[in-house]
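Q: Curious how this folds, go ahead:
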Amino acid sequence: MSYFFLKESDLKDFVRKLISSAPVIAPVARKNKFVFADLESPDELRLDYDITILPPKKAFFPPNQTLLSFKENKATSAIRPREQILFGVHTYDVKAIDMLDLLFAENNADNNYLANRKATTIVAMTPQAVSGRAFWESVGKTVQPNGHDALMTKIREGYVFEPRTPQGTRLTKSGIFSQASSGQLDEASKCQSEIAAKCPEKLSHSTREISDKMRASFNNEKIWHTASLDCFSCGTCNIVCPTCYCFDVQDQWNLDQVSGARYRTWDACLTEDFAKISLGPAGAENFREERAERFRHRMMRKATYLNSRLGGPACVGCGRCSEGCVPDIADPVKIINNVMES
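A: As a prediction, this is how the structure comes out:
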């Protein structure tokens, strides 16, 4: 495998050429926060970001996505993927994308997701800054990121660039790259270890220990009632999560009442109506009417239910849920540590 080096002074020219070849989605500043957005200029790029408000999954699984249009008895697919580059994705978010790739491909494959995903080249980035609620260094340690086409790591004078796929190698043609020296590779490895050590929160138990204890706590109503006491059931923790993949499907009819579109939006299992189903004339049934039940379900999904399918927890330790929760009760580290100590 070849390793390359890109000087700091050559980064903007590299990104400019990428923008000219395909849409580039990358982290940009929005006041004092960061978001993934289409780059119009390399000057907008902020590779020193700590965390983005929404995860990069929105590049191929948008919050609101048209699935098809229809008119009378004819339906037309809305699948129209664009070739694009997702640039500067932190490695923990790549792990989340790996999970979605698996979950959307198994059983009844989700072609709306897969078409957009296949058309996307991902350039991962070793984080340069760590958010105040991050714990990605201590969660799912046995699961490594795999779904990226290249990995960049910032060192003193530039970036070590490691292609992982032919698409990643092709990107080097758009920049002035040289072969990375052994010293540069050592420095990159050191930077990766040092930034991981800066995660401010930490899980103290193994994935297996956490999974087993979480399952055993299912019927401990006191734990879940206490943990969810201040929950607003707003669903913010779900919406900002990079591994959540639930969605709601609706049909929107045009005024002619014979045509329209079917679309989906991100959904959240913490909201009151998520598990509510119609019983027709008999009314409705809600399988998780109590917020403690919904709160428990979220944590079970993250820490134990999906482990056998994903090879590890359905959480990558980004800390978005903790930062987005107004009453500050969604932090998986606090919840899990409480369960482990109970």
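Q: helix or strand for the residue nearest to C318 when sequence neighbours are not counted, which one?
A: Closest residue to C318 apart from its sequence neighbours, by Cβ to Cβ, 6 or more residues apart in numbering: Y92 at 5.5 Å. Using the backbone N, CA and C atoms, a C-beta is placed for each residue, glycine as well. Using DSSP states H and E, Y92 sits in helix 91-105.
Q: could you point out which element follows that helix?
A: If you walk from helix 91-105 toward the C-terminus, the next helix or strand you reach (DSSP H and E) is helix 111-118.
Q: what helices or strands is that following helix leaning on?
A: helix 91-105 (3 or more Cβ pairs under 8 Å, 6 or more residues apart in numbering; DSSP states H and E).
Q: now the helix it packs on against helix 111-118, angle please.
A: Put simply, helix 91-105 runs at 140 degrees to helix 111-118, going by axes from the mean of the first three to the mean of the last three Cα atoms, to 10 degrees.
Q: can you give me how far helix 91-105 is from the chain middle?
A: 7 Å (Cα atoms, centre = their mean, to the nearest Å).
Q: From the contact counts, what lies against it?
A: Packed against helix 91-105, as judged by 3+ Cβ pairs under 8 Å, 6+ apart, are the following elements: helix 111-118, strand 120-125, helix 307-310.
Q: try it again with 10 Å
A: strand 84-90, helix 111-118, strand 120-125, strand 150-155, helix 182-196, helix 307-310 (3 or more Cβ pairs under 10 Å, 6 or more residues apart in numbering; DSSP states H and E).
Q: Quick check: can you list the domain ranges of this protein?
A: 4-196, 207-341 (automatic domain parsing).
Q: I'd like the ones you listed written out as TSV, with mean neighbour count and mean pLDDT added.
A: As requested, these are exported to TSV (neighbours: other Cβ atoms under 10 Å; pLDDT from 0 to 100):
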stretch	mean neighbour count	mean pLDDT
domain 4-196	18	97
domain 207-341	17	96
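Q: which residues sit in contact with the residue positioned nearest the centre of the chain?
A: Per Cα atoms, centre = their mean, the C-alpha nearest to the average position across the chain is that of P242, at 2.4 Å. With contacts defined as Cβ atoms under 10 Å, 6 or more residues apart in numbering, P242 is in contact with 52, 54-58, 89-90, 92-97, 99-100, 314-316, 318, 320-321.
Q: Assumed it was part of a helix.
A: No. Counting by DSSP: H, G, I helix; E, B strand; the rest coil, P242 falls outside a helix, being coil.
Q: any idea how far S342 is from it?
A: To S342, P242 is 28 Å away according to Cβ to Cβ, to the nearest Å.
Q: can you list contacts of stretch 179-186?
A: When contacts are defined by Cβ under 10 Å, 6+ apart, stretch 179-186 is touched by residues 2-6, 153, 155-162, 178, 187-188.
Q: Next step: the residues you listed restricted to strands.
A: F4, F5, L6, T153, I155, G158, Y159, V160, F161, E162, S178 (DSSP state E).
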